Structures are given as structure tokens and as C-alpha cells.
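A.B. asks: sequence first, predicted coordinates after that:
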Number of protein chains: 2
Amino acid sequence: MPHTQYKKDKKKEEGMEILKRNLHDMTERNSLKKIMLKPIGIIHTPLKSLKGIPIQFSMSDIQGKIEIFEEYTSGLKDLDQFSHIYCIYLLDLVKLPVSLQSKPFLDSEKKGVFSTRTPFRPNPIGLSILELEKIENNYLFVNHVDILDQTPIIDIKPYINEFDSVRSSKLGWYEGKIKKKLS
Amino acid sequence: MPHTQYKKDKKKEEGMEILKRNLHDMTERNSLKKIMLKPIGIIHTPLKSLKGIPIQFSMSDIQGKIEIFEEYTSGLKDLDQFSHIYCIYLLDLVKLPVSLQSKPFLDSEKKGVFSTRTPFRPNPIGLSILELEKIENNYLFVNHVDILDQTPIIDIKPYINEFDSVRSSKLGWYEGKIKKKLS
């Protein structure tokens, strides 16, 4: 049984909305084609080099400022109601191709790239959960930053506890190597 | 004070590892350039159309199978130790450009795109936290799927409670519109 708790008819009505949107034809799909993205902004942080960069956002108390480019500013409406956001960005200093197994920060044995949070990934996409302190015009003031200055931002999504917080995850090789966040 | 609890010297040593990796020159960065990605796999799910698709992964008990393309299979090493993964994918049916404000599933008022989880985003990148049941060869058997069949997969990251679970997020306009997950 799905976890949804909505009234069935309300859901149906809402479901229709998505079908009215502009979609590509299903028959034109091609999973092998290359994907083109365009930055929606850039982040300004005190982190000017990879040396000393925090291992994860949850271990950082560094503040930064996400600049959303003018053309996307109207997409920020209502975002100031949220305390946390997903920030998705391009790790643009990573040279491709990367090796698919390497030693991560916290271990001395080689791990598969998809079982680590290394920035050196086949698609170097970074994901950080940042605390949103305030929005002024097209600037998002954020905390817990682990992102290099001038990094191109691809997407911002609201972080929603009820969706995104999994309480009982199995930590794999990270087990015992990290301590719980203090906050 | 950063949240980190590592021994200082260990951190220093680990930090060196990243500096040895192959990086682009800082001076060549250009935040305005287009970004090219290449799918690392494809997902197989029973969801053949957008009609009736779950609103979020946390509201789905649907199972699916992520096929990682052969050339990336060695990157899966050690991933089977984790119970949950981030699956990052391309919402490849979305036609660009999208409107920057629109009515989301759960509300009748227009919201800015970055304050919703709509698939209709300037960069149509999807993010789902999936339960990883098992890995067989290059297939990841996953649960809580809200992803359309044949969707191109861009990245897989381990979900790590200690990093990724924010306990006290402010829900914005979602407040009162969603019920907590049952599990």
C-alpha cells in the first residue's frame, strides 16, 4: 500500500495538472544521448581551494551566498518559507574520465565511486543540504557550505523532512567512521 | 566550530588525497558554460506514464530495477552495504523552457519552481531516495520508486543518515499538506 494519505479524488485532480504540461513524445526518448544543462546561478563562498574544504556539508559551519541569475529569479517565490534546501551543483574542476574505484577521504581501501560521496564521479554532480538563512533579491544566504567558491549551481529544491529524512539507513563502510552531527 | 570530530592530523592526510587528483585549472572556470552529462544507466519500473505516478518516493511502495551500463559496473563495489541510495536522474520528458512559477501538486496557488519539487524545472534533474534491496551484477533492485520507466540515470550516491537527515526542517507551504511517512 502506498504511504499516501491524500483523499483519492483530490489526488486525481492534482494528477491531471501534470498531464497538461508540455512533454516530449515518449517515442522520442533515448537514454543514451548526452544531457545538456545550463547553470541557474553561482555560489560565493570563502572556500577558494580544495585544500581544507569540509568533507560534507553536515560538518561545516561555513556561510556562503548563492547568486541566482536574473532570468531565474521569479522561480524563488516562496522559497524563503523553508529552512533547508538541496543545492545541486556541478563539480566543474573534475577532469573526466575519473577512475571508477578509488580511496575515499575516510578509508584506506578502494571503494566503488557510487558507494562514496567523492566529487570525482562519472557525472560530477554535487549535492548539499544547506540551511537557508534568508533571501535578498536573487541572493540566497546559506549555512553549512562545503562548496568551492564560484561553483555553478544547477538546481535548488526545498528540503522536506517528511520526504527526505530516512531514519534507519544502513551506513555501509562509513559505519563507525563518522560521528553524528552536533545539531 | 565545524561539526567535524576527526583527529586533525588524520584529516590533513586525507585532505592530501584529493589534491593529487586530476583537476581542471581554476583559471579556466566558466560558470556560464553549458554542462554535458552522460547517463550511467537506466531505470526499469512499472510506471509507464505520468498518470498515477507517485508524488514522491516516500509515498511509493513500487519496486524497480536500475540497470547500470557495463562500463560503469566496477563503480558499484561496496554499494551493497548501504540500505538507501540517492538516485539522480534526468526528467527527460520535460520540454524546455518551463515556466518559473506554476501550481504544484499539493496547492492551488502558483509557487516559484525552486520552492517546489515539480519535475518541470529549468534543469529537469530528479532526486529520489530509494531503498536498495540487493544488487545483482549491474542491476540495483530498489523500492519506493517514483520514477518513470526508461528514465536515464545520472548518478548514484550512498544515503548517509548522519549527513543527510535533517531533523528540524521548516516545511514552508508544504506544512499541513503532507503526513509523515508510515515507515
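C.D. replies: Done, it's in.
A.B. asks: how much space separates residue A:34 from residue A:43?
C.D. replies: Relative to residue A:43, residue A:34 is positioned 25 Å away (C-beta to C-beta, to the nearest Å). In this view, the C-beta of every residue, glycine as well, is placed from N, C-alpha and C.
A.B. asks: tell me how far stretch A:21-38 lies from the chain's centre.
C.D. replies: 21 Å (C-alpha atoms, centre = their mean, to the nearest Å).
A.B. asks: mind listing what's buried in that stretch?
C.D. replies: A:21, A:23, A:29, A:31, A:35, A:37, A:38 (16 or more other C-beta atoms under 10 Å in any protein chain shown).
A.B. asks: mind listing what's buried along stretch A:138-153?
C.D. replies: For stretch A:138-153, burial by neighbour count (16+ other C-beta under 10 Å) applies to A:138-140, A:142, A:144-153.
A.B. asks: does that stretch come close to chain B?
C.D. replies: Yes: Stretch A:138-153 is in contact with chain B by C-beta under 8 Å from any C-beta of the partner chain, via A:150, A:151, A:152.
A.B. asks: so who does the first one touch?
C.D. replies: When contacts are counted by C-beta atoms under 8 Å, 6 or more residues apart in numbering or on different chains, residue A:150 is found next to A:42, A:43, A:44, B:29, B:31.
A.B. asks: which residue in those residues has the weakest pLDDT?
C.D. replies: Of all the contacts of residue A:150, residue B:31 carries the smallest pLDDT score, 67.
A.B. asks: looking at the buried residues of stretch A:138-153, which are in strands?
C.D. replies: The strands, defined by DSSP state E, take in A:139, A:140, A:142, A:152, A:153 from the buried residues of stretch A:138-153.
A.B. asks: report pLDDT for the last one.
C.D. replies: Same thing as residue A:153. 97.
A.B. asks: from residue A:40, how far out is it?
C.D. replies: Taking C-beta to C-beta, one finds residue A:153 at 6 Å from residue A:40.
A.B. asks: circling back to that earlier point, for the ones in strands among the buried residues of stretch A:138-153, which one is nearest residue A:73?
C.D. replies: Taking C-beta to C-beta as the measure, residue A:73 sits nearest to residue A:139 out of those, at 9.9 Å.
A.B. asks: which residue is the nearest non-sequential neighbour of that closest one?
C.D. replies: residue A:65 (5.3 Å; C-beta to C-beta, 6 or more residues apart in numbering or on different chains).
A.B. asks: what about residue A:175, neighbour count?
C.D. replies: Residue A:175 sits with 12 neighbouring residues when counted by other C-beta atoms under 10 Å in any protein chain shown.
A.B. asks: reformat the contacts of residue A:150 as JSON lines; add secondary structure.
C.D. replies: Shown next, in JSON lines, are these (DSSP: H, G, I helix; E, B strand; the rest coil):
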{"residue": "A:42", "secondary structure": "strand"}
{"residue": "A:43", "secondary structure": "strand"}
{"residue": "A:44", "secondary structure": "strand"}
{"residue": "B:29", "secondary structure": "coil"}
{"residue": "B:31", "secondary structure": "coil"}
